[in-house]
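*Asks:* Sequence first, predicted model second:
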2 protein chains.
Amino acid sequence: MSVDKVTTGHMRPDGSEASSGSFPHPLDQLSISEANLARQAILTARGTAVTIHFRSIFLEEPPKKELSKFLDLEHSGRVTAQTPRPARLAKVQYDVVRGDKNHEYTESCVDVVSRKEVQKRIVDKVHHASLTTHEFKAFSEACIASPLYKKAIAEFDLPDGFVVTIDPWPYGGDGKTVPRYTQGLCFARDTRSGNEDSNHYPYPLPIIPVMDTYSHEIVRIDRLATGGKEDGLAYGTHKKNVLDHCSPGEYIPEMLSQPLRTDVKPLNVVQPDGPSFQVNGNLIEWQKWRFRVGFSPREGATLHDVHYDGRSVLYRLSLSEMTVPYGDPRPPFHRKQAFDFGDAGAGRAANNLSLGCDCLGVIKYFDAVLTEPDGTASLAENVICLHEQDNGIGWKHTNYRTQRAVVTRLRELVVQFIITLANYEYIFAYKFDQAGGITIETRATGIVSVVNIDPGKMSPWGNVVSSGALAQNHQHLFCVRIDPAVDGHKNTVVAEESLPMPLSKELNPYGSGYEVRQTPIKTSQFFDASPMTNLTVKMTNPSKLNPVSGKPVSYKFIPTASQLMLAHPESIMAKRAQFAQHHIWITKHKDNEFWAGGEFTNQSSTETDGVADAVARQENVENEDVVVWNTFGLTHNPRTEDWPVMPADFFIANPAIDVPGVKDMASQLAPGDKACCGGVEVQKAPESHMQGTGPDLDPKSKL
Amino acid sequence: MSVDKVTTGHMRPDGSEASSGSFPHPLDQLSISEANLARQAILTARGTAVTIHFRSIFLEEPPKKELSKFLDLEHSGRVTAQTPRPARLAKVQYDVVRGDKNHEYTESCVDVVSRKEVQKRIVDKVHHASLTTHEFKAFSEACIASPLYKKAIAEFDLPDGFVVTIDPWPYGGDGKTVPRYTQGLCFARDTRSGNEDSNHYPYPLPIIPVMDTYSHEIVRIDRLATGGKEDGLAYGTHKKNVLDHCSPGEYIPEMLSQPLRTDVKPLNVVQPDGPSFQVNGNLIEWQKWRFRVGFSPREGATLHDVHYDGRSVLYRLSLSEMTVPYGDPRPPFHRKQAFDFGDAGAGRAANNLSLGCDCLGVIKYFDAVLTEPDGTASLAENVICLHEQDNGIGWKHTNYRTQRAVVTRLRELVVQFIITLANYEYIFAYKFDQAGGITIETRATGIVSVVNIDPGKMSPWGNVVSSGALAQNHQHLFCVRIDPAVDGHKNTVVAEESLPMPLSKELNPYGSGYEVRQTPIKTSQFFDASPMTNLTVKMTNPSKLNPVSGKPVSYKFIPTASQLMLAHPESIMAKRAQFAQHHIWITKHKDNEFWAGGEFTNQSSTETDGVADAVARQENVENEDVVVWNTFGLTHNPRTEDWPVMPADFFIANPAIDVPGVKDMASQLAPGDKACCGGVEVQKAPESHMQGTGPDLDPKSKL
């Protein structure tokens, strides 16, 4: 399998700017040197009297106005070395530390060309930055050192050879303004095999230590209920030998209790002539598609300046947020709610992908530049993969008179990244197809989150997936941010519904008719998916008509009617994730407004400056620079089959942007697809049909 | 690409019955000789005084009681030559003709061993059998001969070199008991290219001839409106040179106006060691799955006796019906409603599939035995294909402490058939996966149905997809029949919903909890999909508990909330398709009750003995032999991109049967899947983590 691999996280300038090859593209990630320059600038600016705890350093995207101007020049091939470019800015997130109790979370922008800090913001202490790996480390060390924690652990009789293992978690929301806290889920791991990958999750311990993140003090040990349905919210038995009824749940091949399957024969994807795509730095071109791929520590892979056949479709496409509330009403599980983008960061959590498993065929990998605890830049290799795949038949028609069949394959281009959040994995894929469609697919896999349950009990709050291990019911609620630019930035979102018509002698005499009603969205607002009226969200350009249909050109998608937030509207969980209350949010574009759940989700009590606040601005979005947010998700009441590792076969395929409404795309596409069919032998029957009279004598001619 | 192909439609007896190799399996299609024996038996029985017009001859499946007994013996390996077998019956559908005006539609059963007619039923004249190809032919000939039709055509000035082409259609329902009628949609084809595959659909003529199917008389020419929104139901201009404003819409490669794409490089699926499945006659075994594939002229491919890892899952799985009502209120379009299974027959409409286009990899084809107009059996080759495909990552987990990743692929087995109904194509696929899941996927492709529209006009009833061609809005409503046998025939369907809980100091103090409510279905009934409560349909076996969860073993699926029938409830369209009024129907099993829309849909005025009538029996379905029917579909308001051939990228993936609720399946599966990963190189990081303390120093450790 041939592989074309980039060896540096710095994505080189776009080849289309030959005359300015020495400039990074405005959408390139920061290079390692640029990131390190920014770090140094902040150290210099803050001085030696304080300590700096760096969190993240990454590209601050140029304002849309500036970037659009540059991109327009680029598309018209007029970019030269003299072309004015948006300032090249690094966003630096860090704490200014003046002793344990005085951490000042700060965000600065550094111009990496002038090496000057051009912007500084000290964030109100009511907000908490996302968690970093050094905070995790501190948490574990604090537990080891904590008498409180030692005492709690000593209350248990752990089986011989078992050691405690802690998964740090965000503290969640408790509705109060608390100090910066971290909490941890505790398990025990059986070390007797000597295999450090022995699975610890089957052995949950019913305690949660809570740490003051700055002072490193373990301030509290929360006790977890181990009861069943008969115990209500009570703690249950909570016996000393709390793990004696638990059993192993290994998933690594060498520790399995039974042999691996031997009857799966290899299925190889071979591309003898290489891939159909071309990559130049962060620029990807494939089958009339042209776009740039970005990467940020919070969002992971992002797509920019998406064009099809030279026509603009999207300005930016990204995953904005995800929240995972757990449905167990027993405290402190009301604080078991992760915001995996805002609390942790999808980019920071991205896996290093490997050949042949994470994708097949000819694969192009992209690296990313992330930030070490000391603020220096480091390379994360292979965090994004790009590959083609076949998705069955693209289109087919058989002329039943002649039996001639024309059939094509549907080729797809996939931009994929995978994140690990302790027990859980998410697989995110942006999928492009030859028919002008884009799909965002999310798969959830990994290990379900379990808590200890007394022997023989069952619980209304989840399923016992392994003896003593209760997998709690939970939801995954994602929000995708779509910044359309359908033939330009001024677009109007139209909600289209298919509705029944009354019987009417004049208009609907036989009751067979139905109405297709279009409602332009004039003011920023939210609404919900409505499959029973076939609600379709169309992003249209009212100033460009399709020459054939006479209607405005558009892109559409049908929002998935997945269940929204189940937690009570008055609950902290629900207040923290307003974006999870509705499927569709229409807002007017505002620079840096990327976060459906608000910029600061960690320990939030309510969603602040999230998509609900953006909608509340009541701005005009008709023929405007509009942004469409789509919330979707799944309610996951775990099954025993989800143990020890859950199959990804319940995936959400969210047709975030489905099929183009622009005439010339598909009419050029149809034949184009033909080419991919690779020497189909067209069937031709004897000329038995009667000219001009329709059906022939073929026994399989049909309606 | 190696191909294993069967060369006879007769599917041989199951190899597990070595001692009875000479017997066909009770689920084998009729062989050509068996079908011809049945034909002869009917000719003999009816005598020479009458003419017999044969329609179809196919296997009459044994009653469930008899077949189950045989299958149980088979699964326990106790079938011998002496084992009593269900009678081998051929269902023969034919007209007894005594002069043009006296056609008696008759259904007989013939025992092909004794060669005796064992059952005969003369069908009430209120019902009409599905259409056959010789009726199509008669229709076209009748048009040519009809003065009425000639006169109608003469009213048009067709451009030079254009000839009339007719697509016969079922007459549809007009609410009256009419004689057996056939109607036709008329187009003109440009013959000047000399290419007989030049597309005629861009040139619609605004007339519909109606024929008395028995007397072959063209009894009426219906005129079609060509107006736009300004014309309401009025006919519009209807000018003589009705095609002058139409333009070509070619899709065959040699007639395209632009060259084919040249930048799609080959993507080959290679299986060097062959497929992972084994096929013996109609028995298919793959990855712990074991089932039989059947084929009937009405249903196409059907699945039988589906087992996973030696445990019973389904007795029978089939596509039961599909209706396509058109939403144009202008008469006579209230009669534009096809029942593609009941009016035509998916099996009769099945394509002969070809290598490399209809599927990739190593493909196994199955043939079918169909019926010629004279009743003789004929072989339809390659109407079903069987192949494996890769569907991305099956499951993955990375231990963030050691960076060890275990990742598997998700392999699928696909049983596919494709049908052509004049302009339209449907691609049906039963997909099995290694995680115990089954998905039924439907793709719609082909050419949208168009009618003539005056120059420059737009219509509320569809989209102008090509000058002069209005593609009418329509729906596709499918119904899948699921006959479960989860660890036995006595099953209970449970409707499971995830519901919010009120705030309650005792039970839900923080409002974070949600309830999972299970409602067993006791009496036959219907209900609708409910994504906002995450409604899940569980087919459970109440007498078998999952040893780990303590709950009944089950199979589940989440019904797709697709739009139901839009036509007015009082309309003929709606009355003819009661099955399209609700998503889920739960009935008690009854032999030969296969048809959601009733046995006779052709020209029906109302659904008779369909799934609504079965539900109305109000039978007990708790811990009973239950059948689950799932209606789903899509509302298709055509786009210009759907022209000239629509891409199949808007497909319905109906997770008809999703993931198993039976403990030992997945726990054996997880490791099994691993094997398919073919030499994944597991990543192992330096042993930097601190034993028993949780997170390590890896900069990418995360929540």
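*Replies:* Now that the structure is in, tell me what you want to look at.
*Asks:* neighbours around the nearest residue to A:H334 once chain neighbours are set aside, how many?
*Replies:* What sits nearest to A:H334 in space, not counting adjacent residues and going by C-beta to C-beta, 6 or more residues apart in numbering or on different chains, is B:Y510, at 3.4 Å. Every C-beta, even on glycine, is put in place using the N, C-alpha and C of the backbone. Residues within reach of B:Y510, counting by other C-beta atoms under 10 Å in any protein chain shown, total 22.
*Asks:* Any idea how many residues pack against A:K101?
*Replies:* Each residue near A:K101 was counted by other C-beta under 10 Å, and the total is 10.
*Asks:* Quick check: phi and psi at A:I144.
*Replies:* phi -60, psi -40 (degrees, to the nearest 10).
*Asks:* My error: substitute A:I363 in the last question.
*Replies:* According to degrees, to the nearest 10, A:I363 has phi -120, psi 140.
*Asks:* hang on, the earlier thing: please list all residues in contact with the residue nearest to A:H334.
*Replies:* A:P329, A:P331, A:H334, A:S571, A:I572, A:M573 (C-beta atoms under 8 Å, 6 or more residues apart in numbering or on different chains).
*Asks:* Also A:G173?
*Replies:* Neighbours of A:G173 in contact, by C-beta under 8 Å, 6+ apart: A:R335, A:Q337, A:I572, A:M573, A:K575, A:R576, A:Q603, A:S604, A:S605.
*Asks:* Now with 7 Å, please.
*Replies:* Taking C-beta atoms under 7 Å, 6 or more residues apart in numbering or on different chains, we find A:G173 in contact with A:R335, A:Q337, A:I572, A:R576, A:Q603, A:S604, A:S605.
*Asks:* who wins for most neighbours among the residues you listed?
*Replies:* Busiest of those [other C-beta under 10 Å] is A:R576, holding 29 neighbours.
*Asks:* And the longest helix anywhere in chain A, what does it pack against?
*Replies:* Counting by DSSP state H, the longest helix found in chain A is helix A:32-46. Counting contacts by 3 or more C-beta pairs under 7 Å, 6 or more residues apart in numbering or on different chains; DSSP states H and E, helix A:32-46 is packed against strand A:51-60, strand A:89-97, strand A:103-111, strand A:116-122, strand A:377-399.
*Asks:* for the first one, what is the average pLDDT?
*Replies:* Rounded to a whole number, the mean pLDDT of strand A:51-60 is 97.
*Asks:* try the fourth one
*Replies:* Per-residue pLDDT values over strand A:116-122 give a mean of 97.
*Asks:* Strand partners (parallel or antiparallel) of it?
*Replies:* When pairs are called by DSSP bridges, strand A:116-122 turns out to pair with strand A:103-111 (antiparallel).
*Asks:* Same question for the first one.
*Replies:* In the sheet, strand A:51-60 lines up against strand A:89-97 (antiparallel) (DSSP bridges).
*Asks:* buried residues in the strand it pairs with?
*Replies:* In terms of neighbour count (16 or more other C-beta atoms under 10 Å in any protein chain shown), strand A:89-97 has its buried residues at A:L89, A:A90, A:K91, A:V92, A:Q93, A:Y94, A:D95, A:V96.
*Asks:* so what's the last one scoring on pLDDT?
*Replies:* pLDDT, A:V96: 97.
*Asks:* do the same with the second one
*Replies:* If you check A:A90, the pLDDT there is 98.
*Asks:* And A:P671, by the same measure?
*Replies:* 23.
*Asks:* Any residues of the stretch 151-300 of chain A in contact with chain B? List them.
*Replies:* A:163-170, A:196-197, A:232, A:251-253, A:256, A:258, A:260-276, A:287 (C-beta under 7 Å from any C-beta of the partner chain).
*Asks:* which residue packs closest to the residue of the stretch 251-400 of chain A found nearest chain B, ignoring adjacent ones?
*Replies:* Across the stretch 251-400 of chain A, the shortest distance to chain B (C-beta to the nearest C-beta) belongs to A:P329, at 2.8 Å. Leaving out its chain neighbours, the residue that sits closest to A:P329 by C-beta to C-beta, 6+ apart is B:G513, at 2.8 Å.
*Asks:* quick one: the one you found from A:G173, how far?
*Replies:* Distance of B:G513 to A:G173, computed by C-beta to C-beta, to the nearest Å: 16 Å.
*Asks:* How about A:F432?
*Replies:* For A:F432 relative to A:G173 (C-beta to C-beta), the value is 37 Å.
*Asks:* And for A:K336?
*Replies:* On the measure of C-beta to C-beta, A:K336 and A:G173 end up 11 Å apart.
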